[in-house]
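**Q** sequence first, then the predicted structure:
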Amino acid sequence: MPGDTSFDDIAGGRRGRRALILVENLSVPFDRRVWQECTTLRDAGWRVDVICPRGSKRDTEAEAEIDGVRIHRYPLRAATGGPAGYLREYGSALWHTARLARRVGPVDVVHACNPPDLLFLPAWWLKRRGARFVFDQHDLVPELYLSRFGRGEDLLYRAVCALERLTYRAADIVLATNESYRDVAVRRGGRRPEDVFVVRSAPATDRFRPVPPEPGLKRGKPHLLCYLGVMGPQDGVDYALRALAKLRDELGRTDWHAVFVGSGDAFDAMVELSGRLGLDGQVQFTGRIPDEDLVRYLSTADVCLSPDPHNPLNDVSTMNKVLEYMAMGRPVVSFDLREARVSAGDAAVYAPANDEAEFARLIALLMDDPELRARMGKTGQERIGGELSWRNSQRSLLAAYAAACRDRTAAPADGGSTGQGEGRAVER
């Protein structure tokens with residue numbers, strides 16, 4: 001935040017330091033968490049560069065400078081065809097990342113965001129040249145592997161566990177998105193508690209701001225149900241669709257229209273499943289849409305859906321869509337996951353894990369109780385504006401950077417004096 005001198009104090013007391021953020025799975029600024037981190041560091045006086053893939057429809061320029069952040073993008077074809085496809089994707093990403101990192105030149109901090117747990121390799125190269133390494137753990141990749149592929153603890157699982165261990169070992173500081181991830185870093189990664197900082201993701205409130213509802217979006221029905229997010233094998237869109245079929249067939253409710261906003265590698269399969277369930281007339285798939293259209297749908301929605309099933313990854317992960325629903329003042333139906341309860345609290349109702357019939361019953365409950373919906377929506381907005389706000393995460397991020405730079409003897413990249421700062425994890 002410009003003009004906030006406490007940010008400068010937290011960040012280490014010297015302006016002009018340089019940070020390089022490495023991202024593989026999304027373009028920037030489309031990756032909202034990474035963009036918030038970039039602008040927070042920029043406002044604290046850091047010079048920020050980002051290396052990331054190009055987007056397919058946005059973020060397509062090879063080089064860009066946006067709001068003072070320099071972004072270097074490389075072409076990347078997403079994996080197809082099983083393990084060989086991932087080897088091609090990750091090999092290409094590593095080569096381009098190393099190439100562009102050489103072009104960027106010396107930095108004080110290299111900040112690598114997973115997945116995959118392979119970016120410790122270019123980070124290690126930069127660390128050998130004087131940078132400090134901050135590992136930003138967006139996903140628990142071993143749990144992601146188990147949840148996405150269903151292959152059990154096979155050879156590839158043991159390989160991703162080994163890569164996670166190497167990443168933990170190489171990092172000077174670890175950023176965790178919630179307390180569950182922090183516990184993994186300490187327990188499984190062997191990190192000291194004081195070296196792991198909780199930096200929660202939080203909605204950009206300038207993006208998620210309610211507008212007047214548009215009844216026409218309900219397609220003539222009294223209620224609009226909304227899903228927002230990625231559509232991958234582990235994201236539970238299939239659970240939501242089967243729950244909607246039960247809402248219609250077992251509870252006799254046809255007084256709703258549902259819209260599913262987003263895309264992913266399961267998108268086509270979910271459209272096909274919707275057809276097989278006979279939901280074509282009541283379920284609409286939009287794909288990715290502009291922010292202004294997204295806000296229109298969320299502002300009109302009566303109930304929002306978070307159907308992530310219980311699995312090793314989802315139980316301990318914070319779902320961005322839940323936070324975004326809360327920012328918009330929408331009530332949420334979720335399966336009973338540990339971190340879902342931590343995030344949403346009383347802003348959601350919870351079906352037993354993977355129980356589609358109860359998920360449907362809770363949708364009907366909320367459709368029939370506008371006062372409860374209003375109370376839940378207000379609770380969610382209060383939580384996003386309070387304990388879950390990005391302001392708290394900003395303080396933790398800058399404290400993490402101060403800890404990374406503490407006791408550093410090498411000169412900063414711009415040749416100025418070395419600053420020192422104290423920091424510890426912000427826990428909630």
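**A** Happy to help now that I have it.

**Q** every contact and neighbour count from this point should use C-alpha atoms.
**A** Will do.

**Q** could you list the low-confidence segments of the stretch 151-300 of the chain?
**A** Judged against pLDDT under 70, the stretch 151-300 of the chain has no low-scoring part.

**Q** repeat the analysis, applying 90 as the threshold.
**A** 151, 204-208, 232-234, 264-265 (pLDDT under 90).

**Q** quick one, longest helix in the protein?
**A** The longest helix of the chain (DSSP state H) is helix 83-104.

**Q** can you list the buried residues in that helix?
**A** 86, 89-90, 93-94, 96-98, 100-101 (16 or more other CA atoms under 10 Å).

**Q** for that helix, give the mean pLDDT please.
**A** Mean per-residue pLDDT for helix 83-104: 91.

**Q** list of residues touching that helix?
**A** 22, 24, 49, 51-53, 72, 74, 76-80, 116, 118-119, 122 (CA atoms under 8 Å, 6 or more residues apart in numbering).

**Q** inside helices: which ones of these?
**A** residue 122.

**Q** give me the subset of the contacts of helix 83-104 lying in strands.
**A** 22, 49, 51-53, 72, 74 (DSSP state E).

**Q** which residues of the stretch 301-428 of the chain score low on pLDDT?
**A** 406-428.

**Q** give me the most central residue, this protein.
**A** Centroid-nearest residue in the chain, with CA atoms, centre = their mean: residue 320, separated by 5.6 Å.

**Q** for the stretch 151-300 of the chain, which segments are assigned as strands?
**A** Assigned by DSSP state E, counting those that start in this stretch, the stretch 151-300 of the chain shows strands spanning 173-176, 196-198, 223-228, 256-261, 283-287.

**Q** for the third one, name the packing helices and strands.
**A** What that stands for is strand 223-228. Applying 3 or more CA pairs under 8 Å, 6 or more residues apart in numbering; DSSP states H and E, one finds that strand 223-228 contacts strand 256-261, helix 291-300, strand 303-306.

**Q** contacts for it next, please.
**A** 217-218, 255-262, 297-298, 300-306, 321, 367.

**Q** one more: the last one?
**A** Residues lying outside strand 283-287 but in contact with it, judged by CA under 8 Å, 6+ apart, are 257-263, 271, 274.

**Q** and the furthest pair within the residues you listed?
**A** Within the contacts of strand 283-287, two members stand farthest from each other by CA to CA: 257 and 263, at 19.0 Å.

**Q** the more surrounded of the two?
**A** Each of residue 257 and residue 263 has its neighbours counted (other CA atoms under 10 Å); residue 257 has more, 22 against 19.

**Q** quickly find the element holding residue 360.
**A** helix 356-367 (DSSP states H and E).

**Q** list the buried residues in the helix or strand just after that helix.
**A** Going down the chain from helix 356-367, the next helix or strand is helix 370-385, by DSSP H and E. Neighbour-count burial for helix 370-385, with 16+ other CA under 10 Å as criterion, is recorded at 373-374, 376-385.

**Q** so which of the residues you listed comes closest to residue 59?
**A** So of the buried residues of helix 370-385, ranked by how close each gets to residue 59 (CA to CA), first place is residue 384, at 27.9 Å.

**Q** wait, the closest one touches residue 327, no?
**A** Yes - under the criterion of CA atoms under 8 Å, residue 384 is in contact with residue 327, at a separation of 5.9 Å.

**Q** overlap of the contact sets of the two?
**A** By CA under 8 Å, 6+ apart, the residues touching both residue 384 and residue 327 are residue 203.

**Q** just the helices and strands packed on strand 223-228: most buried one?
**A** strand 303-306 (a mean of 26; mean count of other CA atoms under 10 Å).

**Q** ok, and what's touching that strand?
**A** With CA under 8 Å, 6+ apart as the criterion, strand 303-306 contacts 224-228, 240, 321-322, 325, 330-335, 363, 366-367, 373.

**Q** buried ones in stretch 326-346?
**A** 326-337, 339-341, 343-344, 346.

**Q** equivalent analysis for stretch 391-408, please.
**A** Applying 16+ other CA under 10 Å to stretch 391-408 flags 392-406, 408 as buried.

**Q** how far off centre is that stretch?
**A** 20 Å (CA atoms, centre = their mean, to the nearest Å).

**Q** related to what we said a few turns ago, out of the contacts of helix 83-104, which are buried?
**A** For the contacts of helix 83-104, a neighbour count by 16+ other CA under 10 Å gives the buried set as 22, 24, 49, 51-53, 72, 74, 76, 116, 118-119, 122.

**Q** give me the neighbour count for residue 286.
**A** 12.

**Q** mind checking which of the buried residues of stretch 326-346 land in helices?
**A** Filtering those for helices - DSSP H - leaves 326-327, 339-341, 343-344.
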